[in-house]
Each structure stands twice: as C-alpha cells, then as structure tokens.
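Engineer: Here is a sequence together with a model predicted from it:
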Amino acid sequence: MIKIKAMILAAGYATRLYPLTKDRPKPLLPVAGKPMVEYIIEKLEPIKEIDEVYIVTNNKFYSKFISWSQGYESSKKIVILNDKSMSEEDKLGAIGDMRFFLEQGRIKDDVIIIGGDNLFEFQMKDVIDFFYDKKEPVVVLHDIKHHELAMRFGVVEIDGNEKLISFEEKPQSPKTTLIAICMYLLPKESLHMINEYLESGKNPDQPGRYIEWLHKVRHVFGFVFEGEWFDIGDHDKLAEANEVYEKKNKARPA
C-alpha cells in the first residue's frame, strides 16, 4: 500500500503575534476555541495513505507540543521532533527543518508538508488524487484575486496541464494573482533534492524558495483550490480566522 508521511512546520517563533506567542507556539494558538494545528490534522484524518504526522518544532516549544499531544487523540501516529533551535538567530529555517524531518524520521515514503499556521477548507482527497495523477511534486495554489496581496507571497504561472512555468517569491510586479500556499506534496524519489538545494548554499528559510528552485530542474504541478484559506501571520488574520470559524461552528448542527 502507498504510504504518505505528513510534516507540519511548527518551528517558527512568530514574533509578529507577540505577546500571544511569547510562551506558546503559533500552531497551538486557539481558533474558535481549538488549537489551529488540530484543524490541519482533522483534514488529514480521512486520508488512509497518511499513517504518520510529524510536527517539527524547536527547543523552546517542544515541551508545549508534547503536553498537547498527550491529550490529543488521532487515528494517525503523531511524532513531535525537536530541531534544537532556541531563537530566530539559530533556527534551521523551514527548508532546513524539512531536511531535519527527512533525516530524523528516516523517511522513505512520499511526503506532504504543511505550514502549521495554514487553515484551509478544501478536501485533502482531491489534492492527493491530483498528486498521484501527476506523479511529480505538487504545490497547492490559491487565487488571491488582488495583485497587491499577491506581492506578499510566491506568485505562480501554470500552463494548460497545471505545470508551473514560473514562480516568483514576493515579486514587486506579480504576473498573476495565483499564489502558492505552504503545502507541498513530494514523491519519495525527489526527496534527495531538498539536500541538493541546501548544499548549494541557497536560502534555508522561506519554503517557497525551494519550489522556486525546484520547478526549474524538474516538473512541478499546481493544484488550484477554491474556498477559504487563512495564512495566520499576524493579529488581524488570527482575529479574522477566529470570527469565521466561530460562525462555522455555530452553523453546524449539534
């Protein structure tokens, strides 16, 4: 049976959300009364191919994730990894943490990587099916509609077959309003390329930089989704997500 290992990036320090994140990691901040990481894991639950979920955090917040995981029930095996960093100054960066996860977990399966501050409403089965149809790396895309907003993200162009033909991280003049969210699906035979990227001395932090490099050396496809998405980087986005999810919870039948 095909297996997928899920990795949730959770080793940042989220200084823009101080004081909320001074003593608590961003993915454990509550949204409508529930830690945001639980929304992500709930989206992964129906995917039978995913057997383990790895959460990569830092030394500052490792114990917080351990305490949380001891009280959280999931059908998936949850593994908490400590990358041993203590601050912004010595962090490995998101791509560095991707390599750390592969090495520490001795990963030999396909991988899905998700930012721990991303909340989304599409069905994971759709992107998994797309990934196995393409049999190549996949980045999840969202049309943010406004060029001014697109400037904050990785901006993508795709062809008629959904293959990436350009990727620009935070461009001053975006060619499209199609942006890459922090969700990547990587076939196992491509995983060695993360190390190749890092060994070449490139930026180890912004994960979009890896996709920007990768699509120039092999095919990468973009899965475009409709529906709500939150990249919770500041107090305003957290408040907005909290309001939306509280309304959703109230609208659900008891």
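Structural biologist: That came through, no problem.
Engineer: quick one: low-confidence parts of the protein?
Structural biologist: Where the chain drops to pLDDT under 70, the residues are 253-254.
Engineer: Next, count neighbours for the residue nearest to A32 when sequence neighbours are not counted.
Structural biologist: When the adjacent residues along the chain are set aside, A32 lies closest to Y245, with 3.7 Å between them (C-beta to C-beta, 6 or more residues apart in numbering). For glycine as for every other residue, the C-beta is placed from the backbone atoms N, C-alpha and C. Y245 has 20 neighbours, counted by other C-beta atoms under 10 Å.
Engineer: before we move on, what about Y72?
Structural biologist: Count around Y72 with other C-beta under 10 Å applied: 13.
Engineer: sorry, back to before: what's the offset of whichever strand or helix holds the residue nearest to A32 from the middle of its chain?
Structural biologist: Here Y245, judged by DSSP states H and E, is contained in helix 235-251. With C-alpha atoms, centre = their mean, to the nearest Å as the basis, helix 235-251 stands 20 Å off its chain's centre.
Engineer: ok, now stretch 156-175?
Structural biologist: Between the mean C-alpha location of stretch 156-175 and the chain-wide mean there is a distance of 19 Å, by C-alpha atoms, centre = their mean.
Engineer: now do stretch 150-169
Structural biologist: 17 Å.
Engineer: if we can go back for a sec, buried ones in the helix holding Y245?
Structural biologist: Residues 237-238, 241-242, 244-245 are the ones in helix 235-251 that count as buried (16 or more other C-beta atoms under 10 Å).
Engineer: Repeat that for stretch 170-188.
Structural biologist: Neighbour counts over stretch 170-188 (16+ other C-beta under 10 Å) mark 171, 174, 176-188 as buried.
Engineer: tell me which of these is nearest to A14?
Structural biologist: C182 (13.8 Å; C-beta to C-beta).
Engineer: Skipping adjacent residues, who's closest to that closest one in space?
Structural biologist: Per C-beta to C-beta, 6+ apart, closest to C182 is G115, 3.1 Å.
Engineer: correct me, but the one you found touches Q206?
Structural biologist: No - shown here, G115 and Q206 do not form a contact pair, counting by C-beta atoms under 8 Å, at 10.9 Å.
Engineer: more crowded one of those two?
Structural biologist: The neighbour comparison of G115 against Q206 (other C-beta under 10 Å) goes to G115, with 22 against 16.
Engineer: Identify the residues contacting the more buried one.
Structural biologist: 8-9, 94, 181-183, 207, 231 (C-beta atoms under 8 Å, 6 or more residues apart in numbering).
Engineer: gap between it and K48?
Structural biologist: 23 Å (C-beta to C-beta, to the nearest Å).
Engineer: cool, Q70 as well?
Structural biologist: Using C-beta to C-beta, Q70 is found at 25 Å from K48.
Engineer: Pick out whichever of these two has more residues nearby.
Structural biologist: Between Q70 and K48, K48 has the larger neighbour count (other C-beta under 10 Å), namely 13 against 8.
Engineer: where exactly do the strands run in this protein?
Structural biologist: All strands of the chain, identified by DSSP state E, fall at 4-9, 30-31, 34-35, 50-57, 77-82, 110-115, 118-120, 138-143, 154-158, 164-169, 178-186, 221-225, 229-231.
Engineer: So M98 is in contact with P207, correct?
Structural biologist: Yes - if you go by C-beta under 8 Å, M98 and P207 touch, sitting 7.2 Å apart.
Engineer: which neighbours do those two share?
Structural biologist: Contact criterion C-beta under 8 Å, 6+ apart; residues shared by M98 and P207: 9, 113.
Engineer: Alpha carbons only: can I get stretch 108-125 in CSV?
Structural biologist: Taking C-alpha atoms only, stretch 108-125 is exported to CSV below (Å, rounded to 0.1, in the frame of the first residue of the first chain):
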residue,chain,number,x,y,z
LYS,A,108,11.3,6.6,2.7
ASP,A,109,7.8,7.4,1.6
ASP,A,110,6.0,10.2,-0.2
VAL,A,111,5.6,13.4,1.8
ILE,A,112,3.1,16.1,2.3
ILE,A,113,4.5,19.3,4.0
ILE,A,114,2.1,21.8,5.5
GLY,A,115,2.7,25.1,7.3
GLY,A,116,1.4,25.0,10.9
ASP,A,117,-0.3,28.3,10.5
ASN,A,118,-2.4,27.5,7.4
LEU,A,119,-6.1,26.8,7.7
PHE,A,120,-7.9,25.7,4.6
GLU,A,121,-11.3,24.3,3.6
PHE,A,122,-10.7,22.1,0.6
GLN,A,123,-10.8,18.3,0.8
MET,A,124,-7.4,16.7,1.1
LYS,A,125,-8.5,13.7,-1.0
